[in-house]
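> Show me how the following folds:
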Amino acid sequence: MKIYQNTISNPISFEGIGLHSGKNSKVTIIPGEVNQGIVFKRTDLQSKNLVKANYKNVTSAKLCTTLENNDGVKISTVEHLLAALYITGIDNVIIEIDNEEVPIMDGSAKFFLNLIQNSQIKRTNEKIKYIKILEKVELIDGSRSISIEPNDNFEVDFQLNYQNKIIDKQRNVINFQKDDLNDVVEARTFCLYEDIEKIKKLGLAKGGSLDNAIVVQGDKVLNIEGLRNQKEFVNHKILDLAGDFLLSGYRILGKIECHQGGHELSNMFLRKLLKFTNNYSIIELESTVISKKLNSEQAIKLAVNA
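Below is the predicted model of the structure:
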């Protein structure tokens, strides 16, 4: 398990189309300072253009996660890039982008992860602050539910239930510290064919295609290449959750159980979880053993500034 904060040694750049806006964006990820976290910078704007990757800045979670600062500057579809940063162990970067939506690439985190892994990762001497869950916290919202309980790793048990023969009922359990994450990383976003028109009427999916999303019609996957793995649908939901939970401002140690979750439920849950400091403690790791707990004054200060 990671002990020290990481950034990248040199800037890395890419560009692509936004899934929902249909607009092309150029992105450059540049090294960040210790304890800075992940910050987006809208380079098409001259001022007030910084948006911190934090759950408090989520203003919309309809089919993607959108962040917005106090001046109304937005960054959307951040979840796949954030998941790649989590999985590759990157803690501090500035993400410069010349439009309001992160490119969708192939609909998974595979492109982002490969890009980061092929760059040089820089380890710092500053230790990571982890959130360690102390007691079970649960949120039930109609047929959807999510909970977290104490665990020494970040583990996700996700259940998906669709009224569709292909998606149907899927469940997977992933331990992000111990398991092979390849199936999660390469899992693409998906939708039902019959929902496409409804989504487009909302002004979304303007850049959507079979190149960046799985489309399911009845008992068929319309993508010529088919699925990348048997549990690609639920694996993508796990990928989304990992990205959304990095918006806590920390890496979390706990076991999550989620049923029919999504971006909105994840954000609602983070707000509930982090509202009360008795739900968790903020710790640092010594070697690979959880050992140093910050005092309550430090923990509250960090939580307020998260």
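> What ranges does the stretch 1-150 of the chain have for its helices?
Using DSSP state H, counting those that start in this stretch, the helices of the stretch 1-150 of the chain run over 79-88, 110-117.
> Show me what the shortest one packs onto, helices and strands only.
If I follow you right, that is helix 110-117. Secondary-structure packing of helix 110-117 (3 or more CB pairs under 8 Å, 6 or more residues apart in numbering; DSSP states H and E): strand 12-17, helix 79-88. Where C-beta positions appear, they are placed from N, C-alpha and C, glycine not excepted.
> would you turn these into JSON lines with mean pLDDT, mean neighbour count and distance to I214?
Output for the helices and strands packed on helix 110-117, formatted as JSON lines (pLDDT from 0 to 100; neighbours: other CB atoms under 10 Å; distance: least, CB to CB, whole Å):
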{"stretch": "strand 12-17", "mean pLDDT": "98", "mean neighbour count": "16", "distance to I214": "17"}
{"stretch": "helix 79-88", "mean pLDDT": "98", "mean neighbour count": "25", "distance to I214": "14"}
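> L273 is nearest to which of those?
Of all these, it is helix 79-88 that lies closest to L273, at 17.0 Å by CB to CB.
> Which other helices and strands does the closest one contact?
Looks like helix 79-88 contacts helix 110-117, helix 182-185, helix 232-245 (3+ CB pairs under 8 Å, 6+ apart).
> okay, the second one in CSV with CA atoms only?
I take that to be helix 182-185. Listed next in CSV are the C-alpha coordinates belonging to helix 182-185 (Å, rounded to 0.1, in the frame of the first residue of the first chain):
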residue,chain,number,x,y,z
ASN,A,182,-7.4,-4.7,-15.6
ASP,A,183,-11.0,-5.7,-16.2
VAL,A,184,-12.1,-2.6,-14.2
VAL,A,185,-9.7,-0.2,-16.0
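> and it, which residues are buried?
For helix 182-185, burial by neighbour count (16 or more other CB atoms under 10 Å) applies to D183, V184, V185.
> could you check the distance from the first one over to I214?
Yep, that's D183 we're talking about. 14 Å (CB to CB, to the nearest Å).
> And for the second one?
As judged by CB to CB, V184 and I214 stand 15 Å apart.
> Tell me who's in contact with the most centrally placed residue in the chain.
The residue lying closest to the centre of the chain (CA atoms, centre = their mean) is G243, at 0.9 Å. Neighbouring residues of G243 by CB atoms under 8 Å, 6 or more residues apart in numbering: T65, V78, E79, H80, L81, L82, A83, A84, Y86, A109.
> Just give me the closest of the residues you listed to F276.
Within the contacts of G243, proximity to F276 (CB to CB) peaks at T65, which comes in at 23.2 Å.
> from memory that closest one sits against I75, does it?
No - contact criterion CB atoms under 8 Å: T65 and I75 do not qualify, at 9.2 Å.
> Of those two, give the one with the bigger neighbour count.
Per other CB atoms under 10 Å, whichever of T65 and I75 has more neighbours is T65, with 29 against 24.
> quick one: contacts for that one?
Shown in contact with T65 (CB under 8 Å, 6+ apart): V58, S76, T77, V78, E79, G243, D244, L247, H263, N267.
> The fourth one reaches E100, doesn't it?
It stands for V78. No - using CB under 8 Å, V78 makes no contact with E100, being 10.7 Å away.
> between these two, who's got more neighbours?
With neighbours defined as other CB under 10 Å, V78 and E100 compare such that V78 has more, 28 against 23.
> Let me see the contact set for that one.
Applying CB under 8 Å, 6+ apart, we find V78 in contact with F40, A53, C64, T65, T66, L67, V102, G243.
> Repeat that for D98.
Counting by CB under 8 Å, 6+ apart, the residues that D98 touches are S25, K26, V27, R42, T43, D44.
> Now list the buried members of those residues.
Buried, going by 16+ other CB under 10 Å: S25, V27, R42, out of those.
> Dump these into JSON lines; add pLDDT and distance to L227 as well.
Converted to JSON lines, the buried ones among the contacts of D98 look like this (pLDDT from 0 to 100; distance: CB to CB, whole Å):
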{"residue": "S25", "pLDDT": "98", "distance to L227": "28"}
{"residue": "V27", "pLDDT": "98", "distance to L227": "28"}
{"residue": "R42", "pLDDT": "98", "distance to L227": "35"}
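> can you redo those residues as CSV with distance to L139?
Shown next, in CSV, are these (distance: CB to CB, whole Å):
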residue, distance to L139
S25, 33
V27, 33
R42, 32
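> ok so, going back, residues shared between the contacts of D183 and I214?
Common contacts of D183 and I214 (CB under 8 Å, 6+ apart): E232.
> Tell me which helix or strand in this structure has the weakest average pLDDT.
helix 296-305 (a mean of 38; mean pLDDT, DSSP states H and E).
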